[in-house]
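*Asks:* Sequence and predicted structure, then a few things I'm wondering about:
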Amino acid sequence: MEKIIETKGLNKYFKVSGGRWLHAVDGIDLSIPLGHTLGVVGESGCGKSTLGRLIASLLEPTAGEILFKGQSMLGQGSKSQKEYRRNVQMIFQDPYSSLDPRMSTFELIAEPLRRYKVHQSKADLVNIVVDLMRTVGLDLRFINSYPHEMDGGRRQRIGVARALALNPEFVVCDEPVSALDVSIQAQILNLLMDLQEERNLSYMFITHDLSVVKHISNEIMVMYLGQCVERTETQKLFAEPLHPYTQGLLAAIPLPELRENKKRVLLRGEVTDPIDPQPGCRFYKRCEHARPQCIAGPVAMTEARPGHFVACVLYQNDDSGGRNEESHA
Amino acid sequence: MSTATLDSYSAEMVRIRKKSRFGETWVRFRKNKTALIGLVLFSLILAIVIFADLIVPYQASMDQVIKDRLQAPSPAHLLGTDNYGRDIFARLVHGSRNSLLVGLGAVAIGITIGGLLGSVSGYFGGFIDNLIVRFTDTIMCIPLMLLVLTIVAALGTSLVNVLLAMMIANVPTYTRIVRSAILPVTSMDYIEAARASGSSNLQIIFSHILPNAIGPIIVQATMAVGTMIINAASISFLGMGIQPPTPEWGAMLNEAKQYMLQYPYMVIFPGLAIGITALSLNLMGDGLRDALDPRLKD
Amino acid sequence: MDNATLLDVKDLEVIYTGDGGRVQAVNKIAFELKEKETLGLVGETGAGKTTTALAIMGLLPERNSRVLGGQIFFQDGDLLKKNKNEMRLIRGALISMIFQDPMTALNPVKTVGDQVLESLKIHFAGEMTPAQMNERVDELFTLVGISPNRKKDYPHQFSGGMKQRVVIAIALACEPLLMIADEPTTALDVTIQAQVLALMEELKQKLNMSMIMITHDLGIVAEVCDRVAIMYAGELVESGSAKDFFEGKLHHPYTVGLLGALPSLTNHARRLSPISGLMPDPTQLPAGCKFHPRCPHSMPICEQEAPYIYKSGGHQIACHLMRDQEGGN
């Protein structure tokens, strides 16, 4: 199947005080088939937002490359970057700060159209905007409203409309429903799924909420402190989470049902910042299965079960299928 | 519904609203009583500036009638006469032009240049930001008046040179003001969204950053005009600015200072003129900022 | 067998007065809380949960809010009838509250130890010596899982989860009988949330404390709450024990909608079933049942009359559909 987005060894390091480096994203290899959704899950500081911005070309990678339909984005000029943006768009997390408070709905959605001169005339532009509003289920009477006059759900619909304006093939969704109420979350998620079907879109869906990602993703990638620790199809991840962090993450989610035995596996400790990290697994300090092997050297990503990849020494010898993907630590 | 009908309907909706955007700002401004007072006052002053010749002939401000000198306000001379027998009212009216010209001019040019520098500094950050900030830091170390006086001393005293000196002296201040107004805006998600929509840096600065940062800038600017008028007056007061016999409020204060105790009206009226002008600008500026912000309710 | 009633709210009515007119924030709600019980107060943004909490604490903004009626019985008296000084003595000592955002709840220029101490000084200045107070501070830190050595650190030196623990320590300093927690874990990562929730459970047991947990997350409700009360547009639409709620057959349509809208780990449907529409504008509340415009089962009577109150044991539902059910008024 054709891959719409691939990355090879993608790194993003930020300089911090004292000449040290924050390894926000470290050695990420991924590939997303056309029409699929890759869910990227992790808690704060794991690098998922940075990854999203790298793919949306809002940040420059420190190392590694991003391929769109097989074409590398490396070393391309601003003109091809502009072309890339037509194909790869982004929906932002905060419907309050991602919309310019001085622009009306019309102006917000029209902006990308204007920049790429998609329209032939003013009337044409209005038509396209109206169309987009209808597509995302935004009542036309809001066309001249300002963001502060609308609630979070409507603002987020503007964000979706804006992202779709250029007819992209790939959309990075950075926590698009986290700031919304539960009943609105469901509406927006359904909208995104419908749009995917209608337009054959591919998504990278970034979230910290495992229950949300389960509904919308074909495949899920779990990140921790800049690295990918586990990656597989959605059902397989929930059926058998392999990495101790994934297990802890799943166990921590409060379920809306009564259970007799409320004892759960609780992860101890806190997430730290990946500044000048030591080689080896970054989950070492919080892991109950920790052993010296974990920090002896880089932990490779192995195919512990068919189609199920994990970076953990516990599964080093379970490698099935013979494909060994290096993960840079 | 046919596409044609939808077309015209929506085009109408969008067009109409665009026009009333200014109307909206005006409506909000109107509701603010103190802002309105400021506007009325300033309009009055502006009218005086524009129609100075119609109110009182220029000559009246220059005619020295020695036998009428140092007269208190009377029907013949509304605000009295100064030590050369010149009608103070006439001098105030014509002096308004010079005073306002320097004030408004210095700010207008200062903000334009400072605005540009501040935008570049705040938006791009990094090395350029550092450079510009250090540069403005250096100039701001020198007290404003001292700087202006030095420049005027070097270039010679005249209206133009005072203007130039003021401008040079306050560009750094505006650079920093614009920069600090811009910094919080630059980190907003909607700037990234604009980049994702294909906007170039220039487009982002003009469509997103400046309109959002303009609130604090406008307030600062209008208040600054008042300050600049006072500064210009101070320079003239020190004898380094506009030279007599040209009427100018600060120069008038300078000439009046030796007569202050016996003939206080010579000092009071120009002083009031400066004060009221500055006040009206402050009130307007505050009102404008509140009216421009669509989030007024919050 | 039954614990004594600690808090009894009757017919509470709160309005906000702005320059837009009057807004009904809370409309005649009533509920009880027993000793050692945790009540989950559930609702979406604007439902009135925080307003209710502030009313109990006597912290409603004076300038633009008013309690129109009702009583809040706590121990011996009606809190609404107490004057400011009396309420000040109650706050912190008998009833305490923790808020959503730990980042802004702590004073950045005071050490965390001092902030916990402050609470003790206010209420126990005459009764405890400084040495005793310091000892108590150490006790509290240990209780919430922070090393007492960190007493002299400043808030910015702590992570989000740790900050929230400090906030809890402050709230517990005077051993209140009732703690109101307003979305205490919303701003935290899910694994940290699990730790904080476990801590709150533990504390509740140890200290014989009652708790009102305000949340929109039904998962949290299932984890820590004994009773549940659902608020919608300022009214209580359903209340009952956790069992009635998660295992009972009868529910208010809004509750059904909430449960159906949840993307959950156990819900295997691909599409979610959100509740259509939005919570009504508080300045334009519908007549009759506030939920009827969005209710899939609404009948003509719903628009005309206030909902029928169905009561069965501890389970209460405000809905005309319940008229035919056994139990009744």
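*Replies:* It's in.
*Asks:* who's in contact with residue 273?
*Replies:* If you meant another chain, say so; for now it's chain A. Contacts for residue A:273 were tallied using CB atoms under 8 Å, 6 or more residues apart in numbering or on different chains; they are A:22, A:45. Where C-beta positions appear, they are placed from N, C-alpha and C, glycine not excepted.
*Asks:* You answered for a different chain; I wanted chain B.
*Replies:* Residues near residue B:273 by CB under 8 Å, 6+ apart: B:92, B:95-96, B:99, B:249.
*Asks:* Can you list the buried residues in stretch B:141-151?
*Replies:* Across stretch B:141-151, burial judged by 16 or more other CB atoms under 10 Å in any protein chain shown covers B:144, B:147-149, B:151.
*Asks:* Give the rounded mean pLDDT of it.
*Replies:* In this model, stretch B:141-151 has a mean pLDDT of 84.
*Asks:* Put the alpha carbons of it into PDB.
*Replies:* Output in PDB follows, covering the C-alpha atoms of stretch B:141-151 (Å, rounded to 0.1, in the frame of the first residue of the first chain):
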ATOM      1  CA  CYS B 141      20.500  54.900  28.700                       C
ATOM      2  CA  ILE B 142      20.800  58.500  27.700                       C
ATOM      3  CA  PRO B 143      18.200  60.700  29.300                       C
ATOM      4  CA  LEU B 144      15.700  61.800  26.600                       C
ATOM      5  CA  MET B 145      16.000  65.500  27.100                       C
ATOM      6  CA  LEU B 146      19.800  65.400  27.100                       C
ATOM      7  CA  LEU B 147      19.800  63.400  23.900                       C
ATOM      8  CA  VAL B 148      17.400  65.800  22.200                       C
ATOM      9  CA  LEU B 149      19.300  68.800  23.400                       C
ATOM     10  CA  THR B 150      22.600  67.400  22.100                       C
ATOM     11  CA  ILE B 151      21.200  66.700  18.700                       C
END
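*Asks:* And the contacts of it?
*Replies:* So stretch B:141-151 is in contact with B:139, B:161-162, B:164-166, B:168-170, B:231, B:234-235, B:238, B:240, going by CB under 8 Å, 6+ apart.
*Asks:* my read: residue A:243 touches residue A:310, true?
*Replies:* Yes. If you go by CB atoms under 8 Å, residue A:243 and residue A:310 touch, sitting 5.1 Å apart.
*Asks:* Now list whatever residues contact both of these two.
*Replies:* Common contacts of residue A:243 and residue A:310 (CB under 8 Å, 6+ apart): A:229-230.
*Asks:* didn't residue C:234 look like it was pressed against residue C:283?
*Replies:* No. Using CB under 8 Å, residue C:234 is not in contact with residue C:283; the gap is 11.9 Å.
*Asks:* Looking at these two, which is more packed in?
*Replies:* The neighbour comparison of residue C:234 against residue C:283 (other CB atoms under 10 Å in any protein chain shown) goes to residue C:234, with 28 against 12.
*Asks:* What values do phi and psi take at that one?
*Replies:* As for residue C:234, its main-chain torsions (degrees, to the nearest 10) stand at phi 80, psi 0.
*Asks:* before we move on, what about residue C:279?
*Replies:* phi -60, psi 140.
*Asks:* how much space between the residue lying closest to it once chain neighbours are set aside and residue C:312?
*Replies:* Spatial nearest neighbour of residue C:279, excluding adjacent residues (CB to CB, 6 or more residues apart in numbering or on different chains): residue C:46 at 5.4 Å. Using CB to CB, to the nearest Å, one obtains 29 Å as the distance from residue C:46 to residue C:312.
*Asks:* Looking at the two, which is more packed in?
*Replies:* Legend: neighbour count by other CB under 10 Å for residue C:46 and residue C:312, higher for residue C:46 (20 against 16).
*Asks:* Give me the below-cutoff pLDDT ranges for the chain.
*Replies:* Defaulting to chain A. Chain A contains residues with pLDDT under 70 at A:75, A:260-265, A:318-329.
*Asks:* hm, I was asking about chain C
*Replies:* Chain C contains residues with pLDDT under 70 at C:1-2, C:19-20, C:263-270, C:326-329.
*Asks:* center of it, which residue is that?
*Replies:* Residue closest to the average C-alpha location in chain C (CA atoms, centre = their mean): residue C:214, at 3.1 Å.
*Asks:* Quick check: phi and psi at that one.
*Replies:* phi -90, psi 130.
*Asks:* ok, it touching residue C:53?
*Replies:* Yes. If you go by CB under 8 Å, residue C:214 and residue C:53 touch, sitting 6.1 Å apart.
*Asks:* quick one, what contacts the spatially most central residue of chain B?
*Replies:* In chain B, the residue lying closest to the centroid (CA atoms, centre = their mean) is residue B:225, at 2.8 Å. The contact partners of residue B:225, by CB under 8 Å, 6+ apart, come to B:103-104, B:107, B:278, B:281.
*Asks:* would you say it is within a strand?
*Replies:* No. According to DSSP: H, G, I helix; E, B strand; the rest coil, residue B:225 belongs to no strand; its state is helix.
*Asks:* and the gap between it and residue B:111?
*Replies:* Look at residue B:225 and residue B:111: by CB to CB, they are 10 Å apart.
*Asks:* Show me the residue of the stretch 201-329 of chain A that gets nearest to chain C, please.
*Replies:* Closest to chain C within the stretch 201-329 of chain A is residue A:254: 3.3 Å, counting by CB to the nearest CB.
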